[in-house]
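>>> Here's my sequence, what's the structure:
(2 chains)
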Amino acid sequence: MDIIHHLKVHLLTSGSDLLLEKDRGMQSRIVGQSVMVGQVVTEDELWACTTCHACIEVCPVEVEHVERIVDLRRHLVMEKAQFPSEVKSLFRNLEIYGDTHGRGPSLRIDWAAGLPVKKAGEDSHAEILYWAGCEGSFHDRNSEVSRVIVNMIQEAGVSVGILGKEEGCCGDPARRIGNEYLFRELARRNIEILNRCGVKKIIAYCPHCYNTLKNEYPQFGGHFDVVHYSVYLNELLRQGRLKAKRPLEGRVAFHDPCYLGRVNGIYDAPRDILHAIPALEPREMGLSRERSFCCGAGGGRMWMHEDLGQRINAIRTAEVIESGVDFVATSCPYCLTMVEDGIKGREMEEKVSVLDLSEILSRSLQ
Amino acid sequence: MKIAVCIKQIHYIYARTGRDPNTHFISEEDSVKIVNPYDELAVEEAIRIKENLGDGEVILVTLGDLSAEKALKRCLAMGADRLIQVNDPSFSQLDPWGSSVVLARALGRLEPDLILCGKEALDENRGQTGAYIADLLGLPYVSSVVKLDVFPHESKARIHRALGKGDREVVESEIPALFSVERGLNEPRYPTLPNLLRAFNGEPECWDRELLGLHIDDFQPMTEVVEVYYPKPRPKRIVAPDSHLDGYERTVFLLSGSRAERAVTMLEGTPDDLASAIVEFLEGNGIIGD
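Coordinates of the predicted model:
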């Protein structure tokens, strides 16, 4: 309702006739305080949201649409158990196994096999705790990135700890889809373990985990110093503990993950890393920074079928190709998967490689 | 209509990361405590029957300690009315026969119009209990149900059974009866939060041996597990790669499953050239005569 209220105030003050017509239309649809979902917003519209926050960014009257959309989703999920059926398996995996892939805690540390990481709790002297997240632990491609990040941080002489088998999903997908109850359960479990291990500083790979741990866990008693790995690596570069020596030729564009950029305002650290690499030519895509375009996986969309309209990752991929770069760098496991899929879909993988920021930096370190 | 559903709590082993051969390489976190997924299908079907008829009662019956209490209550939250836990210290070592005797006695007390259960449990895959209970109660038994229509006024049910390889058999049975359900019957619903919280706050009804009027001799095991072992992978026969190849080539050969690549010759040129090349090939290989 406050979306409409804000809009009305704005439209009245700006005196836009055309939009007033539309406003009147909306008004007539909600006469008598009828149900929001199904009349003002359709269910398809509600589930189509990737919570990319672009609407909030451009809204002239500062309406927070994403929170409203998530509220409406909450009503559907928790009150009515009404949601896209493919999400059911995600919820079950989170409930039973505590991760989005349904692989279970026993297999969670497989990605770190052979790495000299310490398990938090056993040795609390590790300077930082690396939070791999479900994607960074179980997804084949993203766990490679996890290894690269940890290797690099260790090269800079920092000891790295992990939660190991006790790490669970941060709860972001559950919360964005509207399963607040499940989110709180996952959050409570993680906060309890993090507090028990006496964790102070957390380096997160996934911007979604980063956002949840940094901005949402404090409400539930989890107060940690959470840093995204792009900021941390940039800091190590600035301090001279990591040195990008080897030149890397090519044009690169950075695809801003929504939850790193728009939600948390981190735009410069990833770009600084790319600028620090000799011979690399950083470019900007048509839509970047605050106006960046979503990869299509946020807001739980990673686990939903995309059967309406155009595929979001295909739109973003077209922009990538248009910008004429050799590499696309990103710093989010979802974005990596989505953009890589898009590029492969266009059979362009030999011309444009999709890499994580850390992978590009590590090539320049050797 | 009163529908009773037998649900089993299981330790589902999803990984073997332990180091000890005596525990079959299973460590503590390698298993999850859940309700047997086949039984969840039975719960869903019972609730759907109740909803379709617009009236009735769904009673869940489980045996033993509450090892997967949350999962049990989650089943209750799907829309069942009662949860009965049949438990007694003397029930700790039951074989399928023993479980069936105990469950049959409990189900007999409930006098249901229909009993549903999963076709087998994912922990031991025995699939015997349903049939034994039906026998003990003297009820018709139909297994592997993938579609179920109940006609309570005619005391009849029409059942589609899965015969494997996609075949279906349509059976009619009188009710009361016991049916064991197969995957594909339905998709269990996700419980709503109010139902979930209500179920979590409740306690199951507990029925013990005395209440059931059972004597210890009634449920003594008829079978005994002699050994449980972890099978060694079966050796796979592969063709040894040519020893003259270098290491890389040999690895590629082994990874390719030792299949020889088929030699392909691509023909190019004008249609006339192509035609004569094909004829030449066919003649050269003795496929057509001169």
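>>> B:E187: what secondary structure?
coil (DSSP: H, G, I helix; E, B strand; the rest coil).
>>> Please, which helix or strand holds the residue lying closest to it once chain neighbours are set aside?
Distances taken as CB to CB, 6 or more residues apart in numbering or on different chains place A:S85 nearest to B:E187, at 7.0 Å, with adjacent residues excluded. Quick note: C-beta positions are derived from backbone N, CA and C, even for glycine. Per DSSP states H and E: A:S85 is located in neither a helix nor a strand.
>>> and A:S85, how far is that from A:G104?
23 Å (CB to CB, to the nearest Å).
>>> Tally up the residues packed near the residue of the stretch 251-366 of chain A found nearest chain B, please.
Chain B sits closest to A:W303 of the stretch 251-366 of chain A, with a gap of 13.8 Å, by CB to the nearest CB. A:W303: 17 surrounding residues under other CB atoms under 10 Å in any protein chain shown.
>>> A:S85 and A:G104 - which one has more neighbours?
A:G104 (23 against 11).
>>> The more buried one touches B:Y12, doesn't it?
No: A:G104 is beyond contact range of B:Y12, at 9.8 Å (criterion: CB atoms under 8 Å).
>>> Which neighbours do those two have in common?
Common neighbours of A:G104 and B:Y12 (criterion: CB atoms under 8 Å, 6 or more residues apart in numbering or on different chains): B:V32.
>>> Next, A:A187: phi, psi?
phi -60, psi -40 (degrees, to the nearest 10).
>>> Those residues of the stretch 101-250 of chain A touching chain B, which are they?
A:103-107, A:165, A:181 (CB under 8 Å from any CB of the partner chain).
>>> what sits against the residue lying closest to B:C6 once chain neighbours are set aside?
Using CB to CB, 6+ apart and skipping residues adjacent in sequence, the residue nearest B:C6 is B:C117, 4.0 Å away. By CB under 8 Å, 6+ apart, the residues touching B:C117 are B:5-7, B:38-39, B:42, B:129-130, B:133, B:178-181.
>>> Next, count neighbours for B:A42.
Residues near B:A42, counting by other CB under 10 Å: 31.
>>> so the closest residue to the residue of the stretch 251-366 of chain A closest to chain B other than its chain neighbours is in which element?
Ranked by CB to CB, 6+ apart and with sequence neighbours excluded, the top spatial neighbour of A:W303 is A:L90, at 4.4 Å. Using DSSP H and E, A:L90 sits within helix A:87-96.
>>> buried stuff in that helix?
Using 16 or more other CB atoms under 10 Å in any protein chain shown as the test for burial, helix A:87-96 gives A:87-88, A:90-91, A:93-96.
>>> quick one: the helices in chain B?
Assigned by DSSP state H, the helices in chain B fall at B:37-53, B:69-77, B:96-110, B:129-137, B:193-201, B:209-212, B:247-255, B:271-284.
>>> Tell me which of those sits nearest to B:D167.
helix B:37-53 (19.7 Å; CB to CB).
>>> Can you list the buried residues in the closest one?
Buried residues in helix B:37-53 (16+ other CB under 10 Å): B:38-50.
>>> What I need now is the residues you listed written out in TSV, including pLDDT for each item.
As requested, the buried residues of helix B:37-53 are exported to TSV (pLDDT from 0 to 100):
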residue	pLDDT
B:Y38	96
B:D39	97
B:E40	96
B:L41	97
B:A42	97
B:V43	97
B:E44	97
B:E45	97
B:A46	97
B:I47	97
B:R48	97
B:I49	96
B:K50	96
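>>> out of those residues, who's nearest A:Y267?
For these, the minimum distance to A:Y267 (CB to CB) is 46.9 Å, reached by B:E40.
>>> For the residue nearest to the closest one when sequence neighbours are not counted, which residues are in contact?
Distances taken as CB to CB, 6+ apart put B:P188 closest to B:E40, at 4.6 Å, once the chain neighbours are dropped. By CB under 8 Å, 6+ apart, B:P188 lies in contact with B:40-41, B:43-44, B:78.
>>> Which two among those residues are spaced furthest apart?
Using CB to CB, these span at most 11.1 Å, a distance reached by B:L41 and B:M78.
>>> re earlier: how close does the residue nearest to A:W303 sit to chain B?
Distance check for A:L90 against chain B: by CB to the nearest CB, to the nearest Å, it reads 11 Å.
>>> Next: A:E62.
31 Å.
>>> Tally up the residues packed near that residue, please.
8.
>>> Please report the number of neighbouring residues for the nearest residue to B:L193 once chain neighbours are set aside.
Once flanking residues are discounted, B:L193 sits nearest to A:M78: 3.8 Å by CB to CB, 6+ apart. The local packing of A:M78 (other CB under 10 Å) involves 22 other residues.
>>> For A:M78, what are phi and psi?
phi -90, psi -30.
>>> Also A:E62?
Torsion angles, degrees, to the nearest 10, at A:E62: phi 60, psi 40.
>>> Tell me the secondary structure of the closest residue to chain B within the stretch 101-250 of chain A, please.
Nearest residue of the stretch 101-250 of chain A to chain B (CB to the nearest CB) works out as A:S106 at 4.0 Å. Going by three-state DSSP, the secondary structure assigned to A:S106 is helix.
>>> residues in contact with it?
A:S106 touches A:165, B:14-15, B:17, B:27, B:29-30, counting by CB under 8 Å, 6+ apart.
>>> For those residues, which single residue is the most surrounded?
B:D30 (21 neighbours).
>>> Please report how far that residue lies from B:T23.
9 Å.
>>> To what extent is the residue lying closest to B:R168 once chain neighbours are set aside buried, counted in neighbours?
Leaving aside its sequence neighbours, B:R168 sits nearest to B:H160 (CB to CB, 6+ apart; 5.1 Å). Look at B:H160: counted by other CB under 10 Å, it has 19 neighbours.
>>> A:E155 too?
For A:E155, using other CB under 10 Å, the count is 15.
>>> returning to what we had before: so the residue nearest to B:E187 is in contact with B:R189, correct?
No: counting by CB under 8 Å, B:R189 is not a contact partner of A:S85; they are 10.0 Å apart.
>>> so what's A:H101 closest to, chain neighbours aside?
A:F138 (4.1 Å).
>>> typo on my end, it should be A:Q82
Using CB to CB, 6+ apart, the nearest residue to A:Q82 is A:L76, at 4.6 Å.
>>> Count the neighbours of the one you found for me.
A:L76 has 18 nearby residues by other CB under 10 Å.
>>> Quick check: it is in a helix.
Yes: using three-state DSSP, the assignment for A:L76 is a helix.
>>> Contacts only, for it.
A:37, A:43, A:46, A:82-83, A:178.
>>> Kindly recompute the last result at 10 Å.
For A:L76, the contacting residues are A:37-38, A:43, A:46-47, A:82-83, A:177-178, by CB atoms under 10 Å, 6 or more residues apart in numbering or on different chains.
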